[in-house]
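# output the structure for:
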Amino acid sequence: MSPPKRQLYQNAIKQLLIKIDAKHAPEVVVLDPSPDAAEKNCFYNVERHVRNMGGKAIYGWAIGISPFLVEAEKHAVWQMPDDRLLDITPRTPAMPTILFVRDTDFVYTGQYIDNIRLNVTTNPLIDDWIKICESIEVLFSFGNRSNEYEISISETIIPFLNHLEDLKVKYGNYIAAGGNPDTPCFCGRSLIYKNCHGPDMMNIQNSLEKTRAMFGSAI
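Residues are numbered from 1 along each chain as shown. Predicted structure coming up:
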């Protein structure tokens with residue numbers, strides 16, 4: 001990574017730490033997945049590990065970096081009996097360590113928790129993709145956890161949720177291919193994005209507000 005790029009990400013991570021109201025400095029935690037741990041299931045992975053191996057769960061944020069954004073994801077790591085931290089939850093792609101920020105005020109009780117994302121580019125399409133991700137997570141927050149792997153969602157919400165999930169993939173592929181507001185829209189019509197699907201972001205926001213009104217505040 002070039003020095004200017006490194007500085008860009010360092011500044012973005014500082015902004016992200018402010019946004020999550022971090023009270024602890026980031027620390028590097030070794031990633032060594034447990035054989036019985038499932039990806040994207042850190043809270044339950046660590047809970048089982050504590051029951052079987054002792055130690056305790058430490059909650060916080062895993063900080064991720066991509067070519068387009070920096071992201072904070074609520075996460076749990078295992079504090080071993082000798083007080084060292086270990087991330088036992090597998091990740092794709094695999095990596096040797098993660099950047100972790102403790103959150104000593106947080107307790108996991110099964111709630112759905114939104115990721116916090118910051119665009120590190122000048123491409124406003126990334127902001128639209130972030131809004132789609134945040135809208136998906138709001139819809140999940142209206143559901144009820146059935147088990148550690150599933151959240152049950154009202155049938156009323158599912159069509160909107162499926163639409164957003166589809167858009168998330170399309171936007172992601174479009175952005176990865178170099179899409180921006182002035183390139184032909186991902187839908188294949190002979191219009192640039194800002195004159196085609198760009199204005200649809202307002203429709204998504206309006207639909208989300210109607211869902212909020214129907215189901216109440218997100219939990």
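
# okay, now the unreliable bits of the chain?
Applying pLDDT under 70 to the chain picks out residues 1, 216-219.

# where do the helices sit along it?
3-19, 42-53, 124-141, 158-176, 200-215 (DSSP state H).

# buried sites along the second one?
Translated: helix 42-53. 42-49 (16 or more other C-beta atoms under 10 Å). For glycine as for every other residue, the C-beta is placed from the backbone atoms N, C-alpha and C.

# try the longest one
Judged by neighbour count (16+ other C-beta under 10 Å), helix 158-176 contains these buried residues: 160-161, 164, 167, 170-171, 174-175.

# export the helices of the chain as a markdown table, with columns for distance to residue 26.
Conversion of the helices of the chain to a markdown table gives the following (distance: least, C-beta to C-beta, whole Å):
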| stretch | distance to residue 26 |
| --- | --- |
| helix 3-19 | 7 |
| helix 42-53 | 17 |
| helix 124-141 | 21 |
| helix 158-176 | 26 |
| helix 200-215 | 32 |
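
# mind checking which of the ones you listed is nearest residue 69?
Set against residue 69 and scored by C-beta to C-beta, those come closest in helix 124-141, at 6.2 Å.

# for the closest one, name the packing helices and strands.
If contacts are counted by 3 or more C-beta pairs under 8 Å, 6 or more residues apart in numbering; DSSP states H and E, helix 124-141 sits against strand 116-119, helix 158-176, helix 200-215.

# this completes my enquiry, with thanks.
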